[in-house]
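>>> Give me a 3D structure for the following:
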Amino acid sequence: MPEAEIAVSVVVPTRNRWPLLSTAALPSALGQEDVTVEVVVVDDGSDDETPERLAAVADRRLRVVRNEPALGVAGARNAGIEVAQGRWVAFLDDDDLWSPRKLRAQIDAAERADCAFTFTAMAGLDADRRFLYVVPPPDPETLVPALLRWNVIWGGCSNVAARMDLVRELGGFDPQLRQLSDWDLWIRLALAGRSAAVPDALVAYVMHPGSMLLTDRRNVFPEFEYLVEKHRSASREWDVEFDEALFTRWVARGHRLAGRHAEAARTYLRGFRQHGDLGTVPRAIGAFAPGALVEAGRRLAANDRRSSFRKLAVPEPEWIASFRS
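Alright, predicted model coming up:
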């Protein structure tokens, strides 16, 4: 497909997850309406059926890049960026879902406002793809200081679309980061150019036991320290500090959802000891009884300034149901 014909390159990293890739990211990306796409799937060293299954997909819009050995998720996304031919690049995790209007709405919004990157509201789904809530997009006008406090673009690696030339100019994803490489790139994008938000929930983030947040047991706090140091000058310029207390809660919640209850409790209590975060105390107790006590802890801290995201109880976006059939 000639480069001039491609509006958006969709970069999808994957490793040994064909059942998710084939029912989520691939149909989402190939099902985009009113926009010309190429779908660059980066197979990061799969040793299951994924290579053979991808080779059998009869769609000329699909391009497959094979990393051997595996480079990790940041390296995989960079490998996709390197070969992509679109004017825009959009990122999509192999287990998440898109509305068929997602890319068209984003590109229209970005071009109307002459912006360099764009994001939408997101729907949260459980492991069975049942709808839970919607998280609205952050305000583009306050995005830089917000990102220098917390990663406010929820599910960003299935959400953000950006001008390809700018992403390449910025060097893509930082391979020294595993779980925080997306946050780092969004900061650099926000510092380099304006953004546009689409208020509709055109992305669905699927929360399931196989997500990297739950399966990667390596200590992520050194990554956070690296991120803080990397953006220290920007933090000083904008007079804002990264919220380590909120980050600590995020790490602890990942341990709890993965069933690592003792580690979750220790991490919650770290938040109390180091940051005086009282909201972590009921959460530490609830880590061992993730039913009523967890809900009680959430209610106690419902208006906590360190709440991660505002969740809206709204009707399910109509497009999501098609992925449950």
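>>> For the rest of this, base every contact and every neighbour count on C-alpha atoms.
Noted.
>>> where does A252 fall, phi/psi-wise?
Per-residue torsions, A252: phi -60, psi -40 (degrees, to the nearest 10).
>>> surely it meets L269?
No. The pair A252 / L269 is not scored as a contact, 9.2 Å apart, by CA atoms under 8 Å.
>>> neighbour-wise, which of those two wins?
The residue with more neighbours, out of A252 and L269, is A252; 28 against 25, by other CA atoms under 10 Å.
>>> Tell me where the stretch 201-325 of the chain has helices.
212-215, 221-230, 232-238, 244-257, 261-275, 280-286, 292-300 (DSSP state H, counting those that start in this stretch).
>>> With mean pLDDT and distance to D96 as extra columns, can I get those in JSON lines?
As requested, these are exported to JSON lines (pLDDT from 0 to 100; distance: least, CA to CA, whole Å):
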{"stretch": "helix 212-215", "mean pLDDT": "55", "distance to D96": "13"}
{"stretch": "helix 221-230", "mean pLDDT": "97", "distance to D96": "24"}
{"stretch": "helix 232-238", "mean pLDDT": "98", "distance to D96": "32"}
{"stretch": "helix 244-257", "mean pLDDT": "89", "distance to D96": "18"}
{"stretch": "helix 261-275", "mean pLDDT": "88", "distance to D96": "26"}
{"stretch": "helix 280-286", "mean pLDDT": "84", "distance to D96": "28"}
{"stretch": "helix 292-300", "mean pLDDT": "45", "distance to D96": "26"}
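>>> Could you point out which of those sits nearest S325?
helix 212-215 (25.7 Å; CA to CA).
>>> how about CSV for the helices of the stretch 201-325 of the chain, with distance to D108 added?
Formatted as CSV, the helices of the stretch 201-325 of the chain follow (distance: least, CA to CA, whole Å):
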stretch, distance to D108
helix 212-215, 32
helix 221-230, 32
helix 232-238, 30
helix 244-257, 33
helix 261-275, 42
helix 280-286, 42
helix 292-300, 38
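>>> nearest to E316, of these?
Here helix 292-300 is closest among the helices of the stretch 201-325 of the chain (CA to CA), at 22.8 Å.
>>> just to revisit the earlier point, right, and the helices of the stretch 201-325 of the chain - which one's nearest S99?
Among those, helix 212-215 sits nearest to S99 (CA to CA), with 23.1 Å.
>>> Count residues in the vicinity of E169, would you?
8.
>>> distance of it from A196?
For E169, the distance to A196 equals 20 Å [CA to CA, to the nearest Å].
>>> can you check P222 too?
To A196, P222 is 31 Å away according to CA to CA.
>>> which one of the two has more residues nearby?
More neighbours surround A196 than the other of P222 and A196, with 25 against 11 (other CA under 10 Å).
>>> For that one, which three-state class applies?
strand (DSSP: H, G, I helix; E, B strand; the rest coil).
>>> which residues in the stretch 1-150 of the chain form strands?
8-14, 37-44, 62-67, 88-91, 97-98, 117-125, 131-135 (DSSP state E, counting those that start in this stretch).
>>> I figured A123 was touching A204, is that so?
Yes. The criterion here is CA under 8 Å, and A123 meets it with A204 at 4.5 Å.
>>> just to revisit the earlier point, most tightly packed of the strands of the stretch 1-150 of the chain?
strand 97-98 (a mean of 29; mean count of other CA atoms under 10 Å).
>>> elements contacting that strand?
helix 25-30, strand 195-206 (3 or more CA pairs under 8 Å, 6 or more residues apart in numbering; DSSP states H and E).
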